[in-house]
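Chemist: With the sequence up front, the predicted model follows.
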Amino acid sequence: MPFTGKATYDGGSALPELVDDVSDLVGLITPFDTPLLDAIGSPRYAAKSTRHEWFEDKLNPGYSRIDNAAGYNASATSWIVDQGSAFRVGDLIKPEGSDEVLQITAVAANTLTVARGYGGSVAAAVSDNQLVRVIGHAALEGEDAPLPAFQNRQRRENFTQIFTESVMISGSLDAVGLHAVEREFDYQVIQRLRELLRSLEQSVINGFKSATSPEGSASARRTMGGLLQFISGAEAVVHDAAAAALDEATLNSALRACWEKGGRPGAIVCGGFQKRRISGFIQSARRYEAESTVLKSVVDVYESDFGAQRVVLSRWVPADKVFLLDLDKIQVLPLQGRSFFVKPLAESGDFRKAQIIGEYTLEVLNAGDGGHGVITNLATA
C-alpha cells in the first residue's frame, strides 16, 4: 500500500522544507482565532451524555395579545387573547399604547370579560396583536385563596458533535532537521487543532442539529445546534432589519426587546462589516487634537439604556447578522473525557500517525424567550 501521508519528497526536487538558507520563521495567514469561544470561557461542567439536556423556567407572563383580526371597539366587553391563563378575575389591565384601564370580571379559556373605562379612564379601541399587560391583581377582602398559577419547566436539548482530524508524516520527515520547525509532527498537530477550534466556533454560531435521528446512527452523523437555530421561535427576539443598514435605532430596538422580555445581553457579536457600522456610531462625536498623531475610530463597549455590551468581533458570524448574547447563559461543553486530545494510532509502516479528537455541544439558556437576540437581514454593502 503506498504511503498517503506527508513525506519529504512532497515539495518536489527542491525539497523546500529541509534545512537550507531560509528564514527561521514560518508565516501563517490562515485565520484560526476563536473570539467567541474565548469570550464564553471555560465550561462549569462537562456533558455526561451525547444528548445533553437542561431545564428552563420563567415567571408567569402577566401579559398577552389581542387575538381578533378586526380588533375591538371602545364598547366591546368580550375580548379574545392569545393566552387567557395570564389573567384572572379582579386583574386591572392596560393595553399598550392606550390610556384606558380595564378590570377583568370573568375568564373562560382565552376569552376575557372586561369592565371598560375603569376608574374614569377613557375607553378606546384596540387592534389585533396589541399587547395587554396586567397592572396588578385586586383581591376581595376575606375571599378564598386564588387558584395557583405557574409555568411548567421546559426541557431543552442539544447533541454532541465529534470534531476530528489526523496527522501522518513519514519516518524520514520525523527525523530530519527543519528550519523554523523543531518537530514537524508536533507542528502539524498544533495546526490541525487550530482548524478544529475554528470549526467548533463556526458550529457554535451556525450549527444545526438534525431534524431526523439527531442522536446519530451508523450512517447519520450527529451534529449540534448553534446559536442561530436556538434563537428562533415566536417568543425569541429576532429583529428583521429588512435589508437596512445597522444603526443605533435598530440596535437599541433589539436590545429593548430583550430587556422587555427579561433578558440582559452583555455582548454584541458581529463580523467585520457590522463592526465598522457600530464603530461608525461615534463619527459625529469624534474630536481631533492637534498634538495627537493617533486617530481612534473604534467602539469596543457599547453602553445603552439597557446595559453595557462588550463588542466581540468574530470572522465566523454571517455578514448580515448581529448577535445580542448573555454570555453567562452560554456554555460550550465537552463530553466528559472527550476534550480535544491526541490519540496515537498504530503504525504499520515507516510513518508516524495520530488522530486529534474532541466532542462538544452547546448549552444556551433562554434563547427562545428573550434571553438572547439576533438582528438579521442587515445591509452588507
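Modeler: Happy to help now that I have it.

Chemist: Could you count how many residues lie near residue 114?
Modeler: A total of 23 residues lie near residue 114 under the criterion other Cβ atoms under 10 Å. (C-beta placed from N, C-alpha, C; glycine too.)

Chemist: and the host helix or strand of it, what's its mean pLDDT?
Modeler: The secondary structure element spanning residue 114 is strand 111-115 (assigned by DSSP states H and E). Along strand 111-115, the predicted confidence averages to a pLDDT of 96.

Chemist: which strands and helices sit next to that strand?
Modeler: For strand 111-115, the elements it packs on are strand 78-80, strand 102-108, judged by 3 or more Cβ pairs under 8 Å, 6 or more residues apart in numbering; DSSP states H and E.

Chemist: buried stuff in the last one?
Modeler: Buried residues in strand 102-108, counting neighbours by 16 or more other Cβ atoms under 10 Å, are found at 102, 103, 104, 107.

Chemist: now do the first one
Modeler: By neighbour count on 16+ other Cβ under 10 Å, the buried set for strand 78-80 is residue 79.

Chemist: returning to what we had before: and the buried residues of strand 102-108, which is closest to residue 172?
Modeler: residue 107 (81.7 Å; Cβ to Cβ).

Chemist: I'd assumed residue 89 was in contact with the closest one.
Modeler: Yes: here residue 107 lies in contact with residue 89, judged by Cβ atoms under 8 Å, at a distance of 6.1 Å.

Chemist: I'd like to check which residues are in contact with the residue nearest the centre of the chain.
Modeler: When the chain is reduced to its mean C-alpha position, the closest residue under Cα atoms, centre = their mean turns out to be residue 227, at 3.5 Å. Listed by Cβ atoms under 8 Å, 6 or more residues apart in numbering, the contact partners of residue 227 are 204, 205, 206, 323, 325, 362, 364, 367, 372, 374.

Chemist: Give me the ChimeraX select line for these, limited to the buried ones.
Modeler: ChimeraX command restricting those to the buried ones, with burial defined by 16+ other Cβ under 10 Å:
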select :204,205,323,325,362,364,367,372,374
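
Chemist: Take the contacts of residue 227 and keep only those in helices.
Modeler: With helices identified by DSSP state H, the entries of those that belong to them are 204, 205, 206.

Chemist: per-residue confidence at residue 85?
Modeler: We note a pLDDT of 89 for residue 85 in this prediction.

Chemist: Please settle this for me: is it part of a helix?
Modeler: Yes: using DSSP: H, G, I helix; E, B strand; the rest coil, the secondary structure at residue 85 is a helix.

Chemist: Excluding sequence neighbours, find me the nearest residue to it.
Modeler: Of all residues not flanking residue 85 in the chain, residue 149 sits nearest, at 7.2 Å (Cβ to Cβ, 6 or more residues apart in numbering).

Chemist: Likewise for residue 255?
Modeler: Setting aside the residues directly before and after it, residue 255 is nearest to residue 306 in space (Cβ to Cβ, 6+ apart), at 4.4 Å.

Chemist: next one: residue 102
Modeler: Using Cβ to Cβ, 6+ apart and skipping residues adjacent in sequence, the residue nearest residue 102 is residue 114, 4.4 Å away.

Chemist: Next: residue 70.
Modeler: Counting by Cβ to Cβ, 6+ apart, the residue nearest residue 70 is residue 128, at 7.1 Å.

Chemist: ranges for the helices of the stretch 51-200 of the chain?
Modeler: Taking DSSP state H, counting those that start in this stretch to define them, one finds helices in the stretch 51-200 of the chain at 171-175, 184-206.

Chemist: out of the ones you listed, deepest packed?
Modeler: By mean neighbour count, with neighbours taken as mean count of other Cβ atoms under 10 Å, helix 184-206 ranks first of the helices of the stretch 51-200 of the chain at a mean of 18.

Chemist: Remind me what that helix packs against, helices and strands.
Modeler: helix 35-40, strand 161-170, helix 171-175, helix 227-230, strand 351-364.

Chemist: what about stretch 343-351, how long is it end to end?
Modeler: Across stretch 343-351, the terminal residues are separated by 15 Å (Cα to Cα, to the nearest Å).

Chemist: now stretch 321-336
Modeler: End-to-end distance for stretch 321-336: 33 Å, by Cα to Cα.

Chemist: Does residue 321 touch residue 373 like I think?
Modeler: No: in terms of Cβ under 8 Å, residue 321 does not count as a neighbour of residue 373; the distance is 10.8 Å.

Chemist: Among the two, which residue is more densely surrounded?
Modeler: Neighbours of residue 321 and residue 373, each counted by other Cβ under 10 Å, are more numerous for residue 373; the result is 27 against 21.

Chemist: Against residue 334, how distant is that one?
Modeler: Summarising the geometry, the distance separating residue 373 from residue 334, computed by Cβ to Cβ, to the nearest Å, is 27 Å.

Chemist: Let me know how buried residue 158 is, in neighbour terms.
Modeler: Under the criterion other Cβ under 10 Å, the count of neighbours that residue 158 has is 24.

Chemist: wait, isn't it in contact with residue 363?
Modeler: Yes: contact criterion Cβ under 8 Å: residue 158 and residue 363 qualify, at 6.6 Å.
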